[in-house]
Every structure is written in structure tokens, then in C-alpha cells.
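Provided below for reference: sequence and predicted model.
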Amino acid sequence: MTAIAFIGLGNMGGPMALNLVKAGHTVTGFDPSASALSLAKAGGVTPCASANDAARAADVIITMLPAGAHVRSVYLGEQGLMAIARSGALFIDCSTIDVASARDVAGKADAAGLMMLDAPVSGGVGGASAGTLTFMVGGSDQAFARARPILEAMGKNIIHAGGAGNGQAAKICNNMMLGIQMISVAEAFNLAEKLGLDAQTLFDISSKASGQCWSLTTYCPVPGPVPTSPANRDYQPGFSAAMMLKDLKLAQEAANAAGATTPLGAQAAGLYGLFAAQGGSAQDFSGIIRFLAGKG
């Protein structure tokens, strides 16, 4: 049993914290949302009045925050987590943020003699609830070995991507691929409809041919072929278009900083930006198929 603090108990962090409780760990938590705190409390998390109150006596401190600015604010400064945590505490940031912020905060932790990992996740709300997330982890071998049993209570695939910031690099590269692929699948189904080709027939062919990809076979953007996909629930989000846009923007920031050429990534970011601006932010990212078809 480990004393764990979980900061950020929203749609992802909340169920992740509950899985830690189910695994037998003692979990304290904080979130600015009273409803999120209440749900966590009902699942066995001890609610606290602040992030520092939750983290002060923890052996492991996990954060799931919206952006790099929030991570910097929570971890750094005289009243940040690094200043108040107990000696030997392990920090695990599961937020999806820019690579530069992840490496900067990790560098400050290392300079202070503290262990820190960036460990963004893939799998959406469903994976967080089921405990089947994929963790892409950046940091030292020693910190990774210590964190692995904790992460295994929340995920199915725990992958060490290398040094500090490499977890974030892996996440944004993966999601850039995902965003591009979803657009390609959506365009193909829209074209098939115009040409009089049945969606199920295209799925049956392409799922066994060279067009096969996760966006087609697991998350098909048209209703019918994959009953569990959001297309069958009017695109209620498992992973919202707003979150996809955030990750695509992070990928473009990283590409510009690194001097990498990513024209399709840039186009995908632009299309998701238009989709979000026209009311699609809260829809599942696969709902871009309707936007591309001119159906809203």
C-alpha cells in the first residue's frame, strides 16, 4: 500500500484515482471542482482543501492538469509541490502538455534532488475507467521502475519512452497520426457515400486491406460497422474534438521548435480548429466526418 496524492480529478483523473483506491492504495485528492471532489470521495479518495494539503504526506504525487502553465504553477515556486512534498516523494505528471514545459519542470525537480516522470496517457475516458490506459513515460530508469507498479493499477501498457519530456513527445506524435488518420477515414467514407458505395461494404473491404488503421477498425466514424464507436452515440465524446485540437496544436508547436516539416499535421490542426469553431468542440473527434460532409 502506497500513500498517493492525486491532483486533478476530472473526467480522466477521477477514474484513474478510483482505480488506485481499488488496487489498495491510500489516495488523497484535490480538484477545484466540488462535484469532482464529491465523486472521488464516494469512490474512496480522501478529499483535501488544496493540492498542497493532498500532497504533503504522500509518497507518490500524480497530477492530471490542463496545460503546461498549470503544471508549472502547481509544481514550482515557494508554495509549489516541489517545495512542500516530503523527502523522497516521486512526482508523476500525467497531463498532456508541451515538451518544453515538461523538460523544464523535470529539470528543476532533478536539480532539487527529486524524482519526476512525465507520463501522458492514451485511451480516453473509457480506458481511464477500465484501467486499460497506455502510459508513455519520460524520465530516469530509476524513477520509471519505482512508478511502474503504480501505473499498472491504472493502465494496461506502460512504456518507457526515454528521458524527461519523451513521454510528451510520444503522446503528441501519436495523436498527430491519429488526427490525420481520422480525417482520411472520414473523407473516404464521405466519398464512398457520394459514389453510391455502402459504408458497411467499404468497412468490410478496407478493414482487411491497405487502408486499415485504428480510426477505421476500432473507432469507425460512421454508425454501424463498429457498434462501440461514438458514431453510434451521436458522437458523444470518448475523446473530444477540443482535446484533439489541443494535441495537434502542441504537435505543431513542437514541430516549429524542432524544425520538423509536418504539412499534414498542420492541415489536421487547421481542420479541427474550424470544426471546433463551428460548434464541434464538445463532440467526439470522429464527428469531424459530419463537418467535412457539410452536415454541421
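Nice, thanks for sending it over. Numbers count the residues shown, from 1 in each chain.

and for stretch 261-271, what are the contacting residues?
By C-beta atoms under 8 Å, 6 or more residues apart in numbering, the residues outside stretch 261-271 that reach it are 176, 179-180, 183, 245, 248-249, 251-252, 255, 288, 291-292. All C-beta spots, glycine's among them, are computed from the backbone N, C-alpha and C.

which one of those is nearest T63?
Taking C-beta to C-beta as the measure, T63 lies nearest K249 of the contacts of stretch 261-271, at 20.6 Å.

wait, A254 sits on D98?
Yes - applying C-beta atoms under 8 Å as the test, A254 and D98 come out as touching, 7.0 Å apart.

Okay, buried residues for the helix or strand hosting I180 please.
Assigned by DSSP states H and E, I180 belongs to helix 166-195. Under the neighbour-count criterion of 16 or more other C-beta atoms under 10 Å, helix 166-195 has 166-183, 185-186, 188-190, 192 buried.

K41 should be in a helix, yeah?
Yes - the assignment for K41 by DSSP: H, G, I helix; E, B strand; the rest coil puts it in a helix.

Could you find the closest non-adjacent residue to it?
Distance criterion C-beta to C-beta, 6 or more residues apart in numbering; nearest residue to K41, sequence neighbours excluded, is P47 at 4.9 Å.

where's the one you found relative to Y75, distance?
21 Å (C-beta to C-beta, to the nearest Å).

Please enumerate the helices of this protein.
Here the chain has its helices, by DSSP state H, at 13-22, 34-42, 51-55, 68-75, 81-84, 99-111, 124-130, 141-151, 166-195, 199-206, 214-217, 241-258, 263-275, 288-292.

ok, the residue of the chain positioned farthest from its centre - contacts?
Farthest-out residue of the chain from its mean C-alpha position, per C-alpha atoms, centre = their mean: G196, at 37.2 Å. By C-beta under 8 Å, 6+ apart, the contact list for G196 is empty.
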